[in-house]
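**Student:** What follows is a predicted protein model with its sequence.
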Amino acid sequence: MANLTYDKKEVESAIDSIVKRTMRMDLTWDWPGGVAYYGVCEAYLATGKKEYIEMLKERIDEYIELGLPSWTVNTCAMGHAMLTLYEYSGDEKYLDIAKSKIDYLENEALRFGDNVLQHTVSVNNDFPEQCWADTLFMAAFFLLRAGVLLKDEKLIDDALNQYYWHIKYLQDPATGLFYHGYNNITGDHMSGFFWGRANAWAAYTMSEVGRVLPECYLYPKFLDIVGSINEQLASIKLLQTENGLFRTILDDEDSYEEVSASCGIAAAMINKGNPLHIKYINKATRGILDNVSEDGRVLNVSGGTAVMKDREGYRGISRDWIQGWGQGLALAYLAGIINYDKIRSDGAL
């Protein structure tokens with residue numbers, strides 16, 4: 001990774017503006033806040049700026065005073081911030097909230113097949129026996145982090161099982177790309193498109209497994225994760241646009257460039273540490289920084305997206321507004337740039 005090129009002051013300035021703009025947003029316990037605050041945590045860990053984690057701590061304490069909602073797969077995304085705040089402060093209240101999310105996922109969340117988590121966005125049975133790539137960030141990655149922190153092999157095994165079956169259900173063997181969703185009842189991928197952010201959820205969270213899980217090579221399902229991300233990134237890099245970004249439907253030249261997907265995919269490349277990806281990372285850095293406004297808004301981020309019915313459904317999702325997941329994935333990417341020497345020396349995935 002010696003040839004990774006960037007202006008450190010420019011990257012640190014972008015991180016600072018994104019964090020401060022993110023903390024001005026009226027985010028709640030749902031997944032937009034979960035992804036955004038994960039990014040704030042990553043920014044703190046990369047820069048060491050305690051003001052970031054203290055701003056987040058103050059906001060989360062306010063949320064706690066207002067009361068907790070019912071959990072879903074999507075609301076479990078906030079578990080990431082709870083784990084980091086517990087590690088930072090040692091305050092058990094954050095760990096207790098994380099444990100309540102774990103209890104929901106392990107004992108109440110809807111599952112199908114080989115204990116695969118069904119994606120849920122409310123307390124209702126929203127998408128019967130549907131597997132979405134989104135679940136990898138909201139739940140599987142969270143369970144993995146929690147299992148490692150708590151030294152709970154059951155949680156680690158469940159997390160790796162989620163990765164294993166999401167790969168089996170969602171990754172296309174011919175291209176290495178991920179479909180957005182899979183319907184176990186009908187046995188198909190519904191509309192069957194390679195949605196950009198779905199591939200970001202998959203790539204980024206898979207790239208984190210080897211960094212988070214000690215002695216990862218001793219877990220057989222980890223080898224499936226390695227094989228999966230290797231094939232995915234080898235294909236996905238060829239779909240990068242001249243602007244260094246990736247499209248909202250990856251292989252559709254008429255789809256717009258989408259920045260949250262671009263951040264997640266490029267962050268996965270940094271974590272992976274393959275020198276063949278350097279030129280794609282450098283290209284992505286310029287494209288992503290060009291989409292950060294002076295006041296810290298990450299631009300050209302598509303709105304919340306269900307598994308749409310057709311190509312026009314994906315193409316028509318608005319990208320006019322600031323989104324928590326755009327802020328969070330951009331911070332994860334820029335934090336990865338700051339940390340790339342450490343990531344390389346750690347021998348990550």
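**Tutor:** Now that the structure is in, tell me what you want to look at. Residues are numbered from 1 along each chain as shown.
**Student:** could you pull out the strands for the stretch 1-150 of the chain?
**Tutor:** Applying DSSP state E, counting those that start in this stretch to the stretch 1-150 of the chain gives strands spanning 111-112, 116-117, 130-132.
**Student:** Now distance to Ile60 and mean pLDDT too, for those strands, in JSON lines please.
**Tutor:** Yep, even glycine has a C-beta here, placed from its N, CA and C like the rest. Below are those laid out as JSON lines (distance: least, C-beta to C-beta, whole Å; pLDDT from 0 to 100):
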{"stretch": "strand 111-112", "distance to Ile60": "29", "mean pLDDT": "97"}
{"stretch": "strand 116-117", "distance to Ile60": "24", "mean pLDDT": "98"}
{"stretch": "strand 130-132", "distance to Ile60": "26", "mean pLDDT": "97"}
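**Student:** Identify, out of these, the most deeply packed stretch.
**Tutor:** Ranked by mean neighbour count, these are led by strand 130-132 with a mean of 25 (mean count of other C-beta atoms under 10 Å).
**Student:** Would you report the backbone torsion angles of Phe178?
**Tutor:** phi -100, psi 130 (degrees, to the nearest 10).
**Student:** returning to that earlier point: columns distance to Ala198 on top of the strands of the stretch 1-150 of the chain, output as TSV?
**Tutor:** Below are the strands of the stretch 1-150 of the chain laid out as TSV (distance: least, C-beta to C-beta, whole Å):
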stretch	distance to Ala198
strand 111-112	19
strand 116-117	15
strand 130-132	7
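**Student:** now for the ones you listed, which one comes closest to Ser293?
**Tutor:** Proximity to Ser293, assessed across these by C-beta to C-beta, is greatest for strand 130-132 (29.8 Å).
**Student:** closest to Ser70 out of the strands of the stretch 1-150 of the chain?
**Tutor:** strand 116-117 (16.2 Å).
**Student:** Skipping adjacent residues, who's closest to Val73 in space?
**Tutor:** Excluding the flanking residues, the one nearest Val73 by C-beta to C-beta, 6 or more residues apart in numbering is Thr120, at 4.6 Å.
**Student:** meant to ask about Leu85, not that
**Tutor:** In space, Leu85 is closest to Tyr94, 4.3 Å off (C-beta to C-beta, 6+ apart).
**Student:** what do you get for Asn274?
**Tutor:** Nearest to Asn274 is Leu233, by C-beta to C-beta, 6+ apart, at 7.4 Å.
**Student:** Following whichever strand or helix holds that neighbour in sequence, what is the next regular element?
**Tutor:** Using DSSP states H and E, Leu233 maps to helix 220-236. Downstream of helix 220-236, the first helix or strand assigned by DSSP H and E is strand 246-247.
**Student:** Which neighbours in the sheet does that next one have, and how are they oriented?
**Tutor:** When pairs are called by DSSP bridges, strand 246-247 turns out to pair with strand 257-258 (antiparallel).
**Student:** dump the residue contacts of the residue nearest to Leu136 when sequence neighbours are not counted.
**Tutor:** Ranked by C-beta to C-beta, 6+ apart and with sequence neighbours excluded, the top spatial neighbour of Leu136 is Thr205, at 4.5 Å. Thr205 sits next to Leu136, Phe137, Ala140, Phe141, Tyr163 when contact means C-beta atoms under 8 Å, 6 or more residues apart in numbering.
**Student:** at 10 Å what do you get?
**Tutor:** 133, 135-142, 144, 159, 162-163, 166, 212, 225, 229, 264, 268 (C-beta atoms under 10 Å, 6 or more residues apart in numbering).
**Student:** where does Asn115 land on pLDDT?
**Tutor:** For Asn115, the pLDDT comes out at 97.
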